[in-house]
Structure formats: C-alpha cells, structure tokens
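Engineer: Just need the structure, nothing else, for what follows:
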Amino acid sequence: MDLMPTDEAGWVRIASEAHTASTTYFDTAIRKSILDNLRQFQSQHPQGSKYLSDAFRARSKFFRPKTRASVRKNEAIAAEAFFSTMDVVSVTAGNPDDPMQQGSAEIMQQLLQYRLTKPGSIPWFLTCIGAYQDAQVQGIVCSYQSWQKTRRYDRPTIALKPIENIRFDPSSDWKDPVNTSPYFIEMIPMYVKDVMARMVIDGKTGESKWRPASAETLLKASTGYSDVVRLQREQGRVDPKTFQSGITQFSVVWVHRNIVEIDGTDWVFHTLGKESLLDEPQPIDRVWFHGRRPYVMGFAVLETHRPYPSSPVSLTKDIQAELNDNANQRSDNVKFAMNKRYLVKRTAQVDLRSLQRNVPSSTTMVNDPEKDIKIIETADVTRSAFEEQDRLNLDFDDLAGSFSQASVQANRKLNETVGGMNILTKDASQISGYQLRTFVETWVEPVLAQLVQLEQHYETDEVILALAGEKAQLLQKYGINAITDELLMQDLTVNVNVGVGATNPHDQLTNFITGMTSVRDLLADGTMERFGIDVGEVFKEVFGKLGYKDGKRFFPDAEDPRITALQNTVKEMQAAIEKKKSPEEIAAIVKKLNAEARNIDAKTVKDGVESAFSAIQTAEVITAIPQVAPVADKVLQAAGYIFPIPPGVDPNLPFPGSPGVPQLTPTSAAASVAPPPGSVPPPELHQNTSPGFPARPAGPSVGLGAGSETMRSDSAGL
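Structural biologist: Numbering: from 1, shown residues only. Got it, this is the predicted structure:
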C-alpha cells in the first residue's frame, strides 16, 4: 500500500488527522491534570474544589504554599548544582588515544562554555532552571534546538516549548516519545508580518519559502486556538495569543511544524493551522543536517510506560489538600472563639448590624438581653490539630524530598544534635539528588549533545574559534595549530558533572576532599602498584561512590598520580636550572649526565658478559656431570627463573648461526689481522683438531715443541 501523498490535499489531510487524534487524547486525559498542577503551583485551589463553591464564600479558604515552596527549593538545589562552578559540562573524546579527538573535545568544551556563559548568547541559567520548573509542574519538558542565523544573530538557541503546543502519539515509547512517535507536531504562534515575509518571492531564486495565503485563511489560523492551560498561566488575564479584533501585521496566527514518518522516512512540512500547506514536504535530512528530530523531551519523575509521566507537584496534591483543610478549619475555629456566634430570637427587636460588626466599645440595642440573644461558646483549637499539621508536613516533605523547619520541629530529639540533623537531611538530599539526576539524564545531556552537533556544523565565528583554541591550549598539548572542519567533526560525548548526593555545596566539597584523600592514601606507599592495581579503575570506583560518574575530569589520562607528580617536578627543576645556572654550568651538567649514561651502558654490557661466561661454565659442568642438571633446574625455579621459549635457547644470548653474529674461523681471523712490520709470521694453523695430531715428535728439538723445557736428568749435558 502506497502511503505517500501525491498532492497538497493529501499532506493537509495527514497533518489534520494526526493533530486531531493527539489533541483528542490530550484534552481528555492530560489537559485537566496539567491545569490542576498549574493551579497548585500558583497556590490556587483546583477546579471543582469546595472552596470555590458558594457555600464557602465566607469561610476561610487559604492555600498553604507548600507546593510552591517545594518547587522553589528544588530550583535552588538545581542552581547550586549546575552553577556553583563554571565547568559543570565536560566533553570527552570517543577515542581517548586519538590526539585529534582529544583536541576536538578540548576546543568543543571551550565553545560550549562560551555559548552557555557569554551574555548575548544562550541564557543558560534561565533556560535550565525554567526547564526544571516545567518538569516539576507539568511532569514533562520539551525544547527545540536550532541555529539562529539572521542579520543580528549567528548563534545556537534552545527554546522551551509549552507542552500544550506539542502533539505526539500517546502510544509512543515512554523513554523517547519524540523519536518513536509516528508524527510530531509543534504549534507555533507567529506574527502575520513574519508569515508574510516568508511568502515574499526571493529576487535571486525567483521563489518564496512559503506559499501565499489569503486573508481568510490567516483569520482562521489566528482564532482557532484558545487554550485553557495557557489561560491558567496568565492567571485570569486575556489570552494574548487570541486577543485581536482583525488581521494586522502584529496579529498572531498558528503555524504547525509537522514531522510525519512515511515508509521509514521522516517528512517535514508546515501548515497554516489545519487549513493549507505552506511549503513543499522534504525529507528530514534536507531540513536538518543530522537527520534527527531536533526536539528533546525530559522529565523529573520516572514512571515506566507513561509518555506523560506524573510531576512532583501532582504527587503531593492530596497531602496539600489535607494541609489546606487543616489550616482553614483551625482558622475558622479561632475566628469563632474570638468572635462569637449568636442566636437571635425571631421577631425580636435586636440591632443585627451591631452584632455582626462586633466593634469594640460598641452598643447593641435589645429589648430582653436574657431571652432575645444567646451566645454560642466555641472551644479553642486543641493540640491535636497542630500535631496533625506536623504529621502532614512530614508526609509532604518525605514525598517531595524537601527539608523544612517543620521537619526539624517535629523531630525534637533528632534536631538537638548535629548527627541528628544530618540524618534528617540525608533522605531529603537523596530524593532531590535522584530527581535532579533524572532530569539531567533525560533533558540536559541530550540537549547539550544536540548543541555540540550544531557547533560542529555551523560555528564559523573566527574570533570565537580562536579564543576557544587558545583556552584549550591545542598547540601546547596536542601540537594542533589550526582549527579545521576535520578537527571539529569528531566523535564526542557530553557529560554533566552533577551526581546523586551532590546537591548540597558543603556535601560536594566534603565528597571531593574525601575522594582525593582516599586516592592519595591508597597510592601513597606504592603497595597497590606492586600488586598490579589499575589506577584508572580506582579513580572510577572512588569517585563513583561519591556521586560522580568517574574521576576523568580530575585525572584526564587516568595515570598514576605519582608519575604525574614526578614529571611535574622534573619540569620545575628544569625550569629552575635554566633560570639559576649559566650556559657553561648547564653544559657541564649535561656532559656529566651523558657520562653517567655511558657508564650505565658499559656496566650493562659487563654484567651481560659475566652472565654469559657463568652460563658457559655451568654448561661445561653439566656436560661433564649430566646428573646435576635436574637439581640446577629446581634451584633456578625456586629463585624465580623463567625458562626461555623455546626451551634450551636463551633469546638474549647470541649463538653461532644467529643473524648478526660473525662466523670467525682461525684462518679468517689470522688473515683479517695484518702482522706488524719486521715480525715473524705465526706458523700455519691446521684444521685437524684430533688429539693424535700432530704426531709425537722424535725428539725435543723437533716439531712445535722445539726449544721448550723437557724432563731430563740433572746430569745431562755435563
């Protein structure tokens, strides 16, 4: 079956069907919960509450802002975790052994740091904390990452999108609804002047970006949506997106960006509302270079198999309602105790206005005070009401992961000691840290990964690139003196250095010092290295237990810190020598060091010769007495000797026939050395090595032994 539309009406029909189906689900299942969460965050009772009825018009209807306080505390925790230091984000190379990727990671980290902190670029503080607020209130946060290139700006952008303007299939995968939904629609409010500007024909190409639309179509697209969630955000104000009397250049119309999957390929096109097609549908890789949907959706509460998870605000709504009831009933009780309620006899002539005003020092006119008026006595608030409030506060704090003064006051024994206070704050820190880590994994890191891709493809500002390269010290560290496309387009990984249990600055510092002290103590005496311990794995384990992912940010190369310290010491000594010593002294030191090096080489040769000579003597003994060979093998094994492979051949000992060993014979040796002038040439040496050669001479004056001393009688020759 061919699902590809062949005309404009087909594409409009697909967009309309997708929008209608997703909007129906959103209106029936999601919109009310988001609306109630917003009202609770704004300290307002939910729709349908008894406090909004006419019966409670004159009753106490306070809303205790526990929810707002909890959200603000979590925002403060996130601000401390993300922005207490400048280098929260770290970029690592996919292959740490590749200098090109290492250099790319260094410069990309500097580019990210510039874009996230430089005024006039991405307002990262507002964006990050705003996204965390959306995740806490709505349950889900959505953002759109793009590169903004106009006459005024040439920069990456991260735009938070209201969840009521996003549509996707509710049957998509809960882990990644953006990329698993068969369609993804963003409803974009745009000024008419911006829409008309895209409909103007370009003088160079002779075409317009969008197709022209009539005023009637623009009017339909401008009045089609008035969202109650958006109205609730305005807290009773008129919806600014629909407040208009006619079509002007500043009127707002709704443009849909539609991403629809057909036959395994995503197609991107825009429609004006659900009425008309604005541009020709294109494959996604022609619109965005990476070929992926440039949206990210994250959350703070993990709920499996729910594309729209609950929010922390919705988790505490029932306890918040009980807190409100408790506070309002106490307030009514106090009012009745201080301002009495009266029973007035019918038809009695009593000044009712005076009784209702109950003004101090006032006078109320009655005919018979004993019979016409009766005061209803109301007992004061009991202790149980306040104890109930304390228990509700504890339940709220446990569920929300917050730590308040009510938690301290309700635990009288624990709050009297420092250890008790640490116990009280531990559980709250765990929940808030877990919630923050969930947000980092689902939104922060994916967003920054897309930001890295945008920087790799679109960053052309030479000043920014040069500044980033200088801060990254590419030339000094990796010998890279030019920033090229090949350098930027490397495989990189983005990590956010916010771990579980690292939401309190004091705890962060304590954990850091503990980790550094533990590493120092483990590697101080070198015992672990003698057993072959992996130093890099030690770093990961120690800092992983303290809430960090690993220790790469502090030890990039995972080397033995003692080796690094020695290398730094050598560099410092070299620098000190260059400053304090004259060139002649430096030359003398170098000469001395070279002599010591030659001495070491000579000693090595001497030791090798002695070892070889000892081995030859041992071989002679074994040849003469073969029975000692097994005993010698056992002695060598006990001493730790490793037998060579293959057996019987020592690869470090040259032997006849091996490459590089000269094969000298007596004749060749004699021929290679010329006798000095005037000397007697040595006799010719024969190759016969038989014990019977030469034959026994006839007398002492014959043969090679002529003239040598011989055994003879003392009287010979006398």
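Engineer: so where is the stretch 551-700 of the chain shaky, pLDDT-wise?
Structural biologist: 551-582, 635-700 (pLDDT under 70).
Engineer: tally of neighbours for the nearest residue in space to F83 that is not next to it in sequence?
Structural biologist: Residue nearest to F83 in three dimensions, not counting chain neighbours: F125, with 6.4 Å by C-beta to C-beta, 6 or more residues apart in numbering. The C-beta positions use only the backbone N, C-alpha and C, and glycine is treated the same way. For F125, the neighbour count with other C-beta atoms under 10 Å is 13.
Engineer: Which pLDDT value belongs to F125?
Structural biologist: Note on F125: pLDDT of 93.
Engineer: from memory it sits against E75, does it?
Structural biologist: No - F125 is beyond contact range of E75, at 10.8 Å (criterion: C-beta atoms under 8 Å).
Engineer: Flag every buried residue along the helix or strand harbouring I34.
Structural biologist: Using DSSP states H and E, I34 sits within helix 31-41. Residues 31, 33-41 are the ones in helix 31-41 that count as buried (16 or more other C-beta atoms under 10 Å).
Engineer: Kindly report the same for stretch 362-379.
Structural biologist: Those would be 364, 366, 372-373, 378, for stretch 362-379 by 16+ other C-beta under 10 Å.
Engineer: just checking, the residue nearest to F83 is part of a helix?
Structural biologist: Yes - the assignment for F125 (DSSP: H, G, I helix; E, B strand; the rest coil) places it in a helix.
Engineer: Would you mind measuring from it to S43?
Structural biologist: Using C-beta to C-beta, to the nearest Å, F125 is found at 25 Å from S43.
Engineer: which residues of the stretch 51-200 of the chain fall in helices?
Structural biologist: 66-83, 99-117, 124-137, 177-180, 192-198 (DSSP state H, counting those that start in this stretch).
Engineer: related to what we said a few turns ago, how about the buried residues of stretch 362-379, which pair is most distant?
Structural biologist: By the measure C-beta to C-beta, V366 and T378 form the most distant pair in the buried residues of stretch 362-379, at 21.4 Å.
Engineer: Tell me the helices and strands packed up against the lengthiest helix in the chain.
Structural biologist: The longest helix of the chain (DSSP state H) is helix 583-624. In terms of contacts (3 or more C-beta pairs under 8 Å, 6 or more residues apart in numbering; DSSP states H and E), helix 583-624 is packed against helix 561-580, helix 629-638.
Engineer: repeat that with 6 Å
Structural biologist: For helix 583-624, there is no helix or strand it packs on, judged by 3 or more C-beta pairs under 6 Å, 6 or more residues apart in numbering; DSSP states H and E.
Engineer: What is the longest strand of the protein by residue count?
Structural biologist: strand 252-262 (DSSP state E).
Engineer: Just the buried positions in the helix or strand just after that one, please.
Structural biologist: Downstream of strand 252-262, the next assigned helix or strand under DSSP H and E is strand 265-272. For strand 265-272, the neighbour count (16+ other C-beta under 10 Å) marks 266-272 as buried.
Engineer: What of stretch 203-219?
Structural biologist: 210, 213, 218-219.
Engineer: could you give me the average pLDDT of it?
Structural biologist: What stretch 203-219 shows for mean pLDDT is 82.
Engineer: ok so, going back, mean pLDDT lowest where, among the helices of the stretch 51-200 of the chain?
Structural biologist: helix 99-117 (a mean of 85).
Engineer: Can you get me the centre-to-centre distance for that one and its chain?
Structural biologist: Relative to the centre of its chain, helix 99-117 is centred 14 Å away, using C-alpha atoms, centre = their mean, to the nearest Å.
Engineer: swap in stretch 120-139?
Structural biologist: Distance, stretch centre to chain centre, for stretch 120-139: 17 Å (C-alpha atoms, centre = their mean).
Engineer: and the longest helix of the chain, how far from the chain's centre?
Structural biologist: Mean C-alpha position of helix 583-624 versus that of the full chain (C-alpha atoms, centre = their mean) differs by 54 Å.
Engineer: And stretch 163-175, by the same measure?
Structural biologist: Worked out by C-alpha atoms, centre = their mean, stretch 163-175 lies 25 Å from the chain centre.
Engineer: Likewise for stretch 359-370?
Structural biologist: For stretch 359-370, the separation from the chain centroid amounts to 74 Å (computed by C-alpha atoms, centre = their mean).
Engineer: from here on, count from 54
Structural biologist: All set: I'll call the first residue 54, so the last point we hit is now stretch 412-423.
Engineer: Quick one: end-to-end distance for it.
Structural biologist: 21 Å (C-alpha to C-alpha, to the nearest Å).
Engineer: before we move on, what about stretch 255-272?
Structural biologist: Across stretch 255-272, first to last residue, C-alpha to C-alpha, it's 25 Å.
Engineer: What lies in contact with that stretch?
Structural biologist: Residues outside stretch 255-272 that contact it (C-beta atoms under 6 Å, 6 or more residues apart in numbering) are 251-254, 300, 306, 325, 328-329, 331-332.
Engineer: so can I have JSON lines of the helices of the stretch 104-253 of the chain showing distance to Y361?
Structural biologist: Compiled in JSON lines, those are given as follows (distance: least, C-beta to C-beta, whole Å):
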{"stretch": "helix 119-136", "distance to Y361": "19"}
{"stretch": "helix 152-170", "distance to Y361": "29"}
{"stretch": "helix 177-190", "distance to Y361": "12"}
{"stretch": "helix 230-233", "distance to Y361": "9"}
{"stretch": "helix 245-251", "distance to Y361": "31"}
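Engineer: quick one, which of the ones you listed is nearest to I372?
Structural biologist: Of the helices of the stretch 104-253 of the chain, nearest to I372 by C-beta to C-beta is helix 119-136, at 8.1 Å.
Engineer: Counting by contacts, list what that closest one packs against.
Structural biologist: Partner elements for helix 119-136 (3+ C-beta pairs under 6 Å, 6+ apart): helix 177-190, helix 370-391.
Engineer: nearest to D229, of those?
Structural biologist: D229 lies closest to helix 177-190 among the helices and strands packed on helix 119-136, at 15.8 Å (C-beta to C-beta).
Engineer: orientation of that closest one relative to helix 152-170 in degrees?
Structural biologist: Angle, helix 177-190 to helix 152-170, by axes from the mean of the first three to the mean of the last three C-alpha atoms, to 10 degrees: 80 degrees.
Engineer: Helix 177-190 packs against which elements?
Structural biologist: So helix 177-190, by 3+ C-beta pairs under 6 Å, 6+ apart, packs with helix 119-136, strand 194-202, strand 207-214.
Engineer: can you tell which of the ones you listed is closest to Q373?
Structural biologist: For Q373, the closest of those is helix 119-136, at 5.5 Å, according to C-beta to C-beta.
Engineer: now that closest one against helix 370-391, angle please.
Structural biologist: For helix 119-136 against helix 370-391, the angle by the same axes, to 10 degrees is 130 degrees.
Engineer: tell me the average confidence for the helix holding I87?
Structural biologist: Helix 84-94 comes out at a mean pLDDT of 93.
Engineer: what does it rub up against?
Structural biologist: 99, 120, 190-191, 282, 285, 364, 366-367, 370.
Engineer: same thing but at 7 Å, please
Structural biologist: With contact meaning C-beta atoms under 7 Å, 6 or more residues apart in numbering, helix 84-94 is reached by 99-100, 120-121, 124, 190-191, 216, 281-282, 285-286, 364, 366-367, 370, 373.
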